[in-house]
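**Q** next comes the sequence, and after it the predicted model I'd like to discuss.
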Amino acid sequence: MFGSWTNELDRLSYEYTHACPIEHVVIPNFFSLEMAEKIHAQFPTPDETWFKYENPFEGKYIFNQFKNDDPMKKVIDELYSPQFLEYVSKISQVPNLESDPHLNAGGLHAYTRNGMSGVHLDYTIHPVTGKERRVSIMVYMSKNWNESWGGHLKLYDENIENPVKLVHSLWNTAVLFRTNGKAYHGFPEPIKCPEGQYRKVIGIYYMTDPTPESLANPRKNAQYFIEPGKPVHENMKKLLDIRRSRRLTPDDLLSWPDWRRDCGRDD
């Protein structure tokens, strides 16, 4: 199912633990070519069954309500298998990693034209299990993606400065990275793929029992930020504060009817 990288765990672990500004590693040829093509053919197009995030700092679709016979569920189950958990633990040097049976915020992600994910910190404490989210893997499954369309993940230091843009293929490539602590990441520039194209991602998160640090400063929701030096609309500040406690709704945007134009998301 997977590529030959499973035979290079020591090298990947070294790259992960020595990476800056946060621990991460890029894994090309993540699935075998045959499996990648199969997943590409089975990856569904977003419809009304997907949850849609559409606001000034989020633009994406998520689906995680799988039926048992869904072929994509089988892929996700494999990414949560005991063997794969061992791979992730070996690379990240985080022992006792666990799956998330609720797939909270995980599953299939799809971004259409003008989609984006602003700079953010992920939640740390799971709202149901109380476990701590420690490591994420994003598997990019966008075949024939043009690099000029954007959509490459950026990782930031503790001051949200000196971003590292991970320029790599968005086809059959995974990025494994630390998500707890001050692990700022995102891609704040709207993607410019043609209408009908999608930045397709399988997003999986791995948990452990909570560390003392996460219990002292828990994040139960993602927290979004504006890069230093960029102007911040007054309405944006209000929305950023709301997002710390819950997802935004269309009603939250009623007082800012021109947000798409103001944020460069209306072309």
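**A** Alright, I've got the coordinates.
**Q** mind listing the helices for the stretch 101-250 of the chain?
**A** 212-216, 234-243 (DSSP state H, counting those that start in this stretch).
**Q** which strands and helices sit next to the shortest one?
**A** Using 3 or more C-beta pairs under 8 Å, 6 or more residues apart in numbering; DSSP states H and E as the contact test, no helix or strand touches helix 212-216. In short, each C-beta sits where N, CA and C put it, glycine included.
**Q** in it, what counts as buried?
**A** Ser214 (16 or more other C-beta atoms under 10 Å).
**Q** just the CA atoms of it, as PDB, please.
**A** Output of helix 212-216 as PDB, limited to C-alpha atoms (Å, rounded to 0.1, in the frame of the first residue of the first chain):
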ATOM      1  CA  PRO A 212       1.200  18.700  31.600                       C
ATOM      2  CA  GLU A 213       1.900  21.600  29.200                       C
ATOM      3  CA  SER A 214      -1.300  21.000  27.300                       C
ATOM      4  CA  LEU A 215      -3.400  20.700  30.400                       C
ATOM      5  CA  ALA A 216      -2.000  24.000  31.700                       C
END
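**Q** span of stretch 190-206 from start to end?
**A** Using C-alpha to C-alpha, to the nearest Å, one end of stretch 190-206 lies 27 Å from the other.
**Q** can you offset everything so residue one is 45?
**A** Okay, residue one is now 45; in that scheme the one you just asked about reads as stretch 234-250.
**Q** where exactly do the strands run in this structure?
**A** Using DSSP state E, the strands found in the chain span residues 68-71, 95-99, 102-107, 151-155, 160-165, 176-185, 198-199, 208-209, 215-222, 229-231, 243-252, 267-268.
**Q** what lines up beside the fifth one in the sheet?
**A** Right, strand 160-165. The strands beside strand 160-165 in its sheet (DSSP bridges) come out as strand 102-107 (antiparallel), strand 229-231 (antiparallel), strand 267-268 (antiparallel).
**Q** and the ones you listed, which is most packed in?
**A** Mean neighbours per residue, mean count of other C-beta atoms under 10 Å, is largest over the strands paired with strand 160-165 for strand 229-231, with a mean of 23.
**Q** can you tell me what sits against it?
**A** Contacts to strand 229-231, defined as C-beta atoms under 8 Å, 6 or more residues apart in numbering, come from residues 66, 160-164, 194-200, 221, 223.
**Q** of all those, which two lie farthest apart?
**A** Gly194 and Thr223 (21.9 Å; C-beta to C-beta).
**Q** follow-up on the earlier one: can you tell me which of the contacts of strand 229-231 is closest to Glu271?
**A** Of all these, Glu271 sits closest to Val163, with 5.9 Å by C-beta to C-beta.
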